[in-house]
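J.: coordinates only, no sequence provided:
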């Protein structure tokens, strides 16, 4: 566990992401009810800060104490330093759940029950179909299978789904799956 935290801290220091809000969040935030949001694996808070600026109260969860130290201290941001392999989501709590560039399959099913009725899920992360050598260090266990998001979240009302080539905020080529869905 300590090794995981050190690895994440090192990654945030040596390969920082740009402080740019995820385009999928900006494009689909209009579908969310304002209220209580969860930013899983929030990193240094690029999306957390955006949500807070829109009036959300945000649970910003990350295992890296270094990353969380970069998240603003405000009354509307609750910083939660937890190992996401051991963290459980609160049921029927969130108006919005955001999961960008992170995969924990155990939490995927919890996300559905954690959303309030009318709650919005925005989920975007890497899929196995990427074949660029510069990303060969990615552990296949943390990559989605083709259509996996559609299968897992099929009980939600899918607003948007796409698998596409992209470039991450570190400038690395990749392939991502993007899903936006509502719970009714």
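T.: Looks like it arrived, so ask away. Please read these numbers as outputs of a predicted model, since none were measured by experiment.

J.: wait, doesn't residue 22 sit right on residue 102?
T.: No: the criterion here is C-beta atoms under 8 Å, and residue 22 misses it with residue 102 at 11.7 Å. All C-beta spots, glycine's among them, are computed from the backbone N, C-alpha and C.

J.: pretty sure residue 178 sits in a strand.
T.: Yes: per DSSP: H, G, I helix; E, B strand; the rest coil, residue 178 lies within a strand segment.

J.: measure it to residue 101 for me?
T.: 11 Å (C-beta to C-beta, to the nearest Å).

J.: before we move on, what about residue 158?
T.: 20 Å.

J.: and for residue 63?
T.: In terms of C-beta to C-beta, residue 63 sits 14 Å off from residue 101.

J.: looking at these two now, which is surrounded by more residues?
T.: Higher neighbour count among residue 63 and residue 101: residue 63, with 21 against 16, using other C-beta atoms under 10 Å.

J.: could you find the closest non-adjacent residue to that one?
T.: residue 83 (5.1 Å; C-beta to C-beta, 6 or more residues apart in numbering).

J.: tell me the pLDDT of that neighbour.
T.: As predicted, residue 83 sits at a pLDDT of 94.

J.: what of residue 139?
T.: The model's pLDDT for residue 139 equals 74.

J.: before we move on, back to that, which SS state does the residue nearest to residue 63 fall under?
T.: Recorded secondary structure, residue 83: coil (three-state DSSP).

J.: what does residue 109 give?
T.: helix.

J.: got a list of what it touches?
T.: residue 152 (C-beta atoms under 8 Å, 6 or more residues apart in numbering).

J.: change it to 10 Å
T.: 89, 152-153 (C-beta atoms under 10 Å, 6 or more residues apart in numbering).

J.: in PyMOL, how would I select the buried members of these?
T.: The PyMOL command for the buried members of the contacts of residue 109 (criterion: 16 or more other C-beta atoms under 10 Å) is given here:
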select buried, resi 89+152+153
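
J.: which of the contacts of residue 109 fall within helices?
T.: Using DSSP state H, the members of these that fall within helices are residue 152.

J.: now do the end-to-end distance for stretch 91-107.
T.: 12 Å (C-alpha to C-alpha, to the nearest Å).
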